[in-house]
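Engineer: structural data only, the sequence is not supplied:
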């Protein structure tokens, strides 16, 4: 194929994958809420509740502070755009990312960090004490979580000899899954980062609005209507993206290496099943742990940073 055809094919695949993850992300959040409710002997929300909530927020009129500038308005849109762009850099059904030629691990982490920076800056724009408090707390956790994320990814990249996620997944598919100590440590560290980055217990509680405990909720407390819908949707996409990243690095079995319809169907079913297993693990962690005190959260995230260092050191040795 010509370079133009390759570019069009990559753009089409990127749009298709981004649309699929956008559509599936609200369902994942609702499934976790449903399973958590079942463990607590409650009925829980209907499976389509996430879509109902987004539709309700999108229909509402946005309410914005009179002192807010364009930074406040751009924050949710930048956050949503960063999450959407990150979906094109991670393999899902195929052993290749649609836009893997644009960059690898560093671009993925940088894109997610850009979205976090935009939302934290927007939280500061109105001068609300809750926004400033939430942004400060989120940046404190990010200072440890982002290096730990990079170390865990570097440990896997060192084994594959490439920082490109597509090449990394293809190498893992060819060599098969191993129980190397570095892989076990990297998985443990990255799973803790998933809990921290998605605002789950014991790091944060997405179901509370208590000023003494909330982190992410404090940053978005000033938003309403479509602005809040973009933030909530992007947060759901990020959660699904992190779980997909764990699937790619440590459970690549079943991912398609060709465009055959049967292989693609098996890959999609396998991806759904593996993400569901990780969602169960997240639910169990949330249901069996209590919310940590705020000053204990950096200690927990530091453990994942240490696990990443150990995984990388073992890889070198």
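Structural biologist: Done, it's in. No experiment lies behind these values; they were computed from the predicted model shown.
Engineer: so for the one helix or strand residue 315 maps to, mean pLDDT?
Structural biologist: Assigned by DSSP states H and E, residue 315 belongs to helix 297-316. On average, the pLDDT along helix 297-316 is 86.
Engineer: what's in contact with that helix?
Structural biologist: 140-141, 144-145, 147-152, 154-155, 158-159, 180-183, 185-186, 188-190, 192-193, 196, 202-203, 292 (C-beta atoms under 8 Å, 6 or more residues apart in numbering). Every residue, glycine included, has its C-beta placed from N, CA and C.
Engineer: mind running it again at 6 Å?
Structural biologist: 141, 144-145, 148, 151-152, 154-155, 158, 181-182, 185-186, 188-189, 192-193, 196, 203 (C-beta atoms under 6 Å, 6 or more residues apart in numbering).
Engineer: list the buried residues in it.
Structural biologist: By neighbour count with 16 or more other C-beta atoms under 10 Å, helix 297-316 contains the buried residues 297-298, 300-301, 304-305, 307-312, 314-315.
Engineer: what's the answer for stretch 111-125, then?
Structural biologist: 111-112, 114-120, 122-125.
Engineer: what's the answer for stretch 9-22, then?
Structural biologist: For stretch 9-22, by 16+ other C-beta under 10 Å, it's 10, 13, 14, 17, 18, 21, 22.
Engineer: near residue 272, how many other residues are there?
Structural biologist: Number of residues near residue 272 (other C-beta atoms under 10 Å) recorded here: 12.
Engineer: check the gap between it and residue 38 for me.
Structural biologist: Note on residue 272: its distance to residue 38, by C-beta to C-beta, to the nearest Å, is 19 Å.
Engineer: how about residue 164?
Structural biologist: Counting by C-beta to C-beta - residue 164 and residue 38 are separated by 40 Å.
Engineer: give me the more crowded residue out of these two.
Structural biologist: Each of residue 164 and residue 38 has its neighbours counted (other C-beta under 10 Å); residue 164 has more, 21 against 13.
Engineer: was I right about that one contacting residue 104?
Structural biologist: Yes - the criterion here is C-beta atoms under 6 Å, and residue 164 meets it with residue 104 at 4.1 Å.
Engineer: can you give me the neighbour number for residue 29?
Structural biologist: Neighbours around residue 29, by other C-beta under 10 Å: 23.
Engineer: kindly apply the preceding question to residue 275 instead.
Structural biologist: 20.
Engineer: can you tell me the closest non-neighbouring residue to it?
Structural biologist: residue 243 (5.1 Å; C-beta to C-beta, 6 or more residues apart in numbering).
Engineer: please apply the same query to residue 242.
Structural biologist: Nearest one to residue 242, counting by C-beta to C-beta, 6+ apart, is residue 194 at 4.5 Å.
Engineer: how many residues are close by that neighbour?
Structural biologist: 24.
Engineer: try residue 74
Structural biologist: 15.
Engineer: list the buried residues of the helix or strand encompassing the residue nearest to residue 242.
Structural biologist: If you go by DSSP H and E, residue 194 is part of helix 181-197. The neighbour-count check on helix 181-197 (16+ other C-beta under 10 Å) flags 182-183, 185-197 as buried.
Engineer: ok, now stretch 34-46?
Structural biologist: Neighbour-count burial for stretch 34-46 [16+ other C-beta under 10 Å]: 34, 35, 36, 44, 45.
Engineer: okay, the second one: pLDDT?
Structural biologist: We have a pLDDT of 92 for residue 35.
Engineer: pretty sure it contacts residue 284?
Structural biologist: No - between residue 35 and residue 284 there is no contact under C-beta under 6 Å: 8.7 Å.
Engineer: next, show the common contact partners of these two.
Structural biologist: Counting by C-beta under 6 Å, 6+ apart, nothing touches both residue 35 and residue 284.
Engineer: now do the helices in the protein.
Structural biologist: Listed in chain order, the helices of the chain (DSSP state H) span 3-39, 49-59, 70-87, 105-125, 129-160, 165-175, 181-197, 216-219, 226-250, 261-288, 297-316.
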